[in-house]
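>>> Got a predicted model here, sequence first, then my questions.
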Amino acid sequence: MSTGGSTTTSNAEDTDNIQSRNDHLRSLRFINPLSLAFTPIPKGTAICRIHALRCGHLDVPARDLIQDVLDDVTLPLPAYAFLIEKLSPEDGSVLKRVLFDLGLRKSYGNHRYQFLTEKYQIHLSEEEEIASILRNSLNISPSSIDAVILGHRHFDHIGDLGAFPVSVDLVLGPDSEKDLVKLADYLDLPLQVLQSRNIRHLERNKDEWKEIGAFKGHDYFGDGSLFILDAPGHCAGHQNVLVRTSGNPPIYHLLASDTTHHIILAREPKQPSLRRPLISIFPEDPNKPSNLLSFHDDLEEAYRTIAKAERMDLEENVNVFLAHDISLDRLLRGGIGSAQGGVQAKNWFTLDGNAAELKRFKDREWEDLYLASAYQS
Ligand SMILES: [Zn+2]
């Protein structure tokens, strides 16, 4: 009896705690991006070239991502990774190659995250694997990659890291050290195999960080062409990159990984009738109300990082891409950069990096892709 009584009390306390936590989470709202401090992005002549690589897609219920969805819609979210090439200022030849994120994996084997492939219906053909795109479409050997910068450790961003030799550096974001076991789990690798790689964990206190736009950034090449941005909120170690693709005029692309999964959360819609929904908070298991989740580990921090990305997007010379940006698919199918009219346009494109292209990116239509009728007006 006493045990039963105690359980009842404990459940009541749990319910109170859950209620108060949910009230707090639901009270969080978009932060006005113009209220954030902003440090002008330094100009310079050192530049990189970006290739966008579409490494499969997964079907995600919209309700898992955003609140206020009326219709029970499923969004086919692409998984984009990016090849970034540092170019010689003298002759434009490639000096360094790094990858930002690796997209989906073909197989999750028997490991404990296998259920994700069923829950989100992962679609990844052999030719969509990142190593295949590099080899077959760009004629680049995985061994010629200098480093992999992981936006974060989740299953849809880690690709098949094993396709890249251990000599390829792995760069992980602040706070990631404690989650190395989780990364090994997602990769279905023993921890010691993962640790045999040359892993660099960026640290907020030890590495050098500069104010860069709305973010704090680490100057990866030391010449301003590629900044790794601290982007907390989604999970430990979550990071973005800012790439300069033109010195004159200065043009930048912010590759935002999972800062948010939905451009409507990072950009004010042009249509006034399209109300911005909130990030979803949903019961993972309705029978276990204590296990409420959003896609972000720290929702409060996630809203702050989203506001930073939105502030960058307000700059006329900065374009923002999310890893699961459906509007990127439209650009890909329409043909852009070196992929214009080419059969290779299916899974990748190379950015020109110039002002005309930037305008196309900034002006891209996206609101209809998110099913305006699905949201409350
Ligand atoms: Zn993701």
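That came through fine. Remember, predicted model here, so these are calculated numbers, not experimental data. Numbers count the residues shown, from 1 in each chain.
>>> For the protein, which residues are neighbours of the ion?
156, 258 (CB under 5 Å from the ion). Every C-beta, even on glycine, is put in place using the N, C-alpha and C of the backbone.
>>> Pass me the low-pLDDT residue ranges in the chain, would you?
The model of the chain has pLDDT under 70 over residues 1-19, 21-22, 68-71, 108-114, 282-293, 334-345, 369-377.
>>> Count the neighbours of residue 351 for me.
Neighbours of residue 351 under the rule other CB atoms under 10 Å: 25.
>>> Ok, residue 333 next?
Applying other CB under 10 Å, we find 11 residues neighbouring residue 333.
>>> elements contacting the helix or strand encompassing it?
Using DSSP states H and E, the element containing residue 333 is helix 326-334. Contacts defined by 3 or more CB pairs under 8 Å, 6 or more residues apart in numbering; DSSP states H and E place helix 326-334 against strand 48-61, strand 74-87, strand 348-350.
>>> Can you point out the buried residues in the following helix or strand past the last one?
What it means is strand 348-350. For strand 348-350, the succeeding helix or strand toward the C-terminus, using DSSP H and E, is helix 355-362. Neighbour counts using 16 or more other CB atoms under 10 Å place 357, 358, 361 of helix 355-362 among the buried residues.
>>> And those residues, which is closest to the ion?
The nearest member of the buried residues of helix 355-362 to the ion, counting by CB to the ion, is residue 361 at 20.5 Å.
>>> didn't the closest one look like it was pressed against residue 331?
Yes. With contact defined as CB atoms under 8 Å, residue 361 reaches residue 331; the gap is 7.2 Å.
>>> still on that earlier bit, among the helices and strands packed on helix 326-334, which comes closest to residue 267?
Nearest to residue 267 among the helices and strands packed on helix 326-334 is strand 74-87; the distance by CB to CB comes to 16.3 Å.
>>> In the stretch 201-350 of the chain, what residue comes closest to the ion?
Scanning the stretch 201-350 of the chain for the residue nearest the ion gives residue 258, at 4.3 Å (criterion: CB to the ion).
>>> my guess is that residue meets residue 157, correct?
Yes. Applying CB under 8 Å as the test, residue 258 and residue 157 come out as touching, 7.4 Å apart.
>>> Identify the contacts common to these two.
Counting by CB atoms under 8 Å, 6 or more residues apart in numbering, the shared contacts of residue 258 and residue 157 are 151, 323.
>>> now the helices: where do they sit in the stretch 51-200 of the chain?
With helices called from DSSP state H, counting those that start in this stretch, the stretch 51-200 of the chain shows them at 62-65, 114-119, 130-132, 180-187, 191-195.
>>> mind checking how far the shortest one is from the chain centre?
Computed by CA atoms, centre = their mean, to the nearest Å, the separation of helix 130-132 from the middle of its chain amounts to 19 Å.
>>> Identify all contacting residues around it.
For helix 130-132, contacts defined as CB under 8 Å, 6+ apart pick out 53, 55, 81, 99, 102, 103, 126, 142, 159, 160, 163, 164.
>>> what about the first one, neighbour count?
Under the neighbour criterion other CB under 10 Å, residue 53 is assigned a count of 27.
>>> how about it, what does it touch?
80, 81, 82, 83, 103, 130, 133, 134, 347, 348.
>>> got the end-to-end distance for stretch 182-191?
Separation of the first and last residues of stretch 182-191 by CA to CA, to the nearest Å is 9 Å.
>>> Report the beta-bridge partners for the nearest residue to residue 83 once chain neighbours are set aside.
Ranked by CB to CB, 6 or more residues apart in numbering and with sequence neighbours excluded, the top spatial neighbour of residue 83 is residue 51, at 4.1 Å. Residue 51 forms beta bridges with residue 83, residue 350, as assigned by DSSP bridges.
>>> Please shift the residue numbers so they start at 56 in all later answers.
That works, and once the first residue is 56, the last one we named lands at residue 106.
>>> From residue 413, how far out is residue 106?
From residue 106 across to residue 413, the span is 16 Å (CB to CB, to the nearest Å).
>>> before we move on, back to that, out of the contacts of helix 185-187, flag the one nearest to the ion.
Comparing these against the ion with CB to the ion places residue 158 closest, at 9.5 Å.
>>> Any idea how many residues pack against residue 82?
Neighbour number of residue 82 under other CB under 10 Å is 8.
>>> give the contact list for it.
By CB under 8 Å, 6+ apart, no residues touch residue 82.
>>> now swap in residue 258 and tell me
Contacts of residue 258 by CB under 8 Å, 6+ apart are residue 229.
>>> Ok, residue 371 next?
Residue 371 touches residue 417, counting by CB under 8 Å, 6+ apart.
>>> now residue 223
By CB under 8 Å, 6+ apart, the residues touching residue 223 are 197, 198, 200, 201, 202, 203, 252, 253.
>>> What's the local residue count around the residue lying closest to residue 250 once chain neighbours are set aside?
Nearest residue to residue 250, sequence neighbours excluded (CB to CB, 6+ apart): residue 235, at 7.3 Å. Counted by other CB under 10 Å, the residues lying close to residue 235 total 17.
>>> surely residue 235 meets residue 245?
No. Contact criterion CB under 8 Å: residue 235 and residue 245 do not qualify, at 11.7 Å.
>>> Excluding residues flanking it in the chain, which one is nearest the residue nearest in space to the middle of the chain?
Central residue of the chain (CA atoms, centre = their mean): residue 312, 1.1 Å from the mean position. Distances taken as CB to CB, 6+ apart place residue 206 nearest to residue 312, at 2.8 Å, with adjacent residues excluded.
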